[in-house]
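Peer 1: Just need the structure, nothing else, for what follows:
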Amino acid sequence: MTAAHEPPRTPSESRTPRKLLGAALIASSIEWYDFFIYATAAALVFGTLFFPDASPLVGVLLSFATFWAGFIARPIGGLFFGHLGDKIGRKPAVVTCLILMGSATFLIGVLPGAGTIGVAAPILLVTLRFLQGIAVGGQWGGIVLLLTENSARGKRGMAGTFGQMGVPFGVIFGNVAFLGVGALMSQEAFLSWGWRLPFLFSAVLAPVVLYIQLKIEDTPVFQELQEKQEKEVVKAPLVEVLRDHKRSVLLGAGCCSPPTRSSTSASPGCSTTAPGSSACRASSCSASRCSPRWSASS
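Peer 2: Okay, the predicted model is just below:
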């Protein structure tokens, strides 16, 4: 397939719009906040609430087993939304992921325990956790593509870091939320209903999603891909990427995996893009977030 060439940029397009950087950072931070608060709740309350017949130790282990479902789902989300992003656009894919994550997190916050609905409670919990994994798997690659494909050469790596910075911010905000809620109420109130508040806070995603949908345009690279004939689109891009771009895939996965496991969704999300296109190159470009030196040369 012919590589997608980027249209020339005017001086005003030589840097990533600040509004896009801010929106991407906020959206990514809230998305990872939603993903990680589950781990805190699993350690504190899910064992008692959703596995009441198990011993305290077994209950906690079962809770963390449900946490694992999110990691299983992440590469699936990357594959699905990576393909969807090539078909309908980067922005619609990101917006869908944000809505899915916010909805799943909010529903966990209102989910009855096993004492109310029986065995359906842990089943629904695992289902919602799986949906969280699907969402974060697609969101990460989508956010990075929005940032890098809207940036000039030489600035893509640095722009892509704004998507990755959401991971530590999400962890910090999640811990602060639980510490704050726990400090403001008794232990009984926290175990009864207080733990739900951090999950309900995910509703703040709504205005961010609305802003991205209304104010952020899709990337120039995708707009160019849209203009191509259907016959020019590779039918099995994943196979072609793994066959012709092994080095870039392994380099991106190998570089990003040691600092953080959040790179699980990066390679699948980008591997479904057109080989040779900027979308595909972003998979290796985004790896530059691991090193400022790489960012400067991307």
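Peer 1: rest of the way, CA atoms for contacts and neighbours
Peer 2: Will do.
Peer 1: tell me which strands and helices the helix of greatest length in the chain is in contact with?
Peer 2: Longest helix of the chain, by residue count under DSSP state H: helix 56-88. Contacts defined by 3 or more C-alpha pairs under 8 Å, 6 or more residues apart in numbering; DSSP states H and E place helix 56-88 against helix 18-41, helix 47-50, helix 90-109, helix 120-149, helix 266-271.
Peer 1: buried ones in that helix?
Peer 2: For helix 56-88, burial by neighbour count (16 or more other C-alpha atoms under 10 Å) applies to 59-64, 66-71, 73-86.
Peer 1: Just give the nearest non-adjacent residue to the residue nearest to the spatial centre of the chain, would you?
Peer 2: Centroid check for the chain by C-alpha atoms, centre = their mean gives residue 136 as the closest residue, at 2.9 Å. Nearest residue to residue 136 in three dimensions, chain neighbours excluded: residue 74, at 6.4 Å (C-alpha to C-alpha, 6 or more residues apart in numbering).
Peer 1: Surely that neighbour is in contact with residue 133?
Peer 2: Yes. Look at residue 74 against residue 133 with C-alpha atoms under 8 Å: they come within range, at 4.7 Å.
Peer 1: do you know which of the helices and strands packed on helix 56-88 lies nearest residue 203?
Peer 2: helix 90-109 (6.4 Å; C-alpha to C-alpha).
Peer 1: Next secondary structure after the closest one?
Peer 2: Using DSSP states H and E, the helix or strand that follows helix 90-109 towards the C-terminus is helix 114-117.
Peer 1: Show me what that next one is packed up against.
Peer 2: helix 47-50, helix 120-149.
Peer 1: With distance to residue 20 and mean pLDDT added, can I get these in CSV?
Peer 2: Output for these, formatted as CSV (distance: least, C-alpha to C-alpha, whole Å; pLDDT from 0 to 100):
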stretch, distance to residue 20, mean pLDDT
helix 47-50, 40, 92
helix 120-149, 7, 91
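Peer 1: So for residue 189, which of the ones you listed sits nearest?
Peer 2: Residue 189 lies closest to helix 47-50 among the helices and strands packed on helix 114-117, at 13.4 Å (C-alpha to C-alpha).
Peer 1: what's the nearest residue to residue 30 if we skip its chain neighbours?
Peer 2: residue 170 (6.0 Å).
Peer 1: How far off centre is stretch 88-95?
Peer 2: 13 Å (C-alpha atoms, centre = their mean, to the nearest Å).
Peer 1: Can you point out the buried residues in it?
Peer 2: 89, 90, 91, 92, 93, 94, 95.
Peer 1: For my notes, please list those residues in CSV and give distance to residue 240 and pLDDT for each entry.
Peer 2: Output for these, formatted as CSV (distance: C-alpha to C-alpha, whole Å; pLDDT from 0 to 100):
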residue, distance to residue 240, pLDDT
89, 21, 84
90, 21, 86
91, 24, 88
92, 25, 90
93, 22, 90
94, 24, 90
95, 28, 91
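Peer 1: pLDDT of stretch 59-67, averaged?
Peer 2: The average pLDDT within stretch 59-67 is 90.
Peer 1: now what about that stretch, what contacts it?
Peer 2: For stretch 59-67, contacts defined as C-alpha atoms under 8 Å, 6 or more residues apart in numbering pick out 38, 39, 42, 43, 46, 47, 48, 51, 52, 125, 126, 129.
Peer 1: And the last one, how close does it get to residue 83?
Peer 2: Distance, residue 129 to residue 83, using C-alpha to C-alpha, to the nearest Å: 22 Å.
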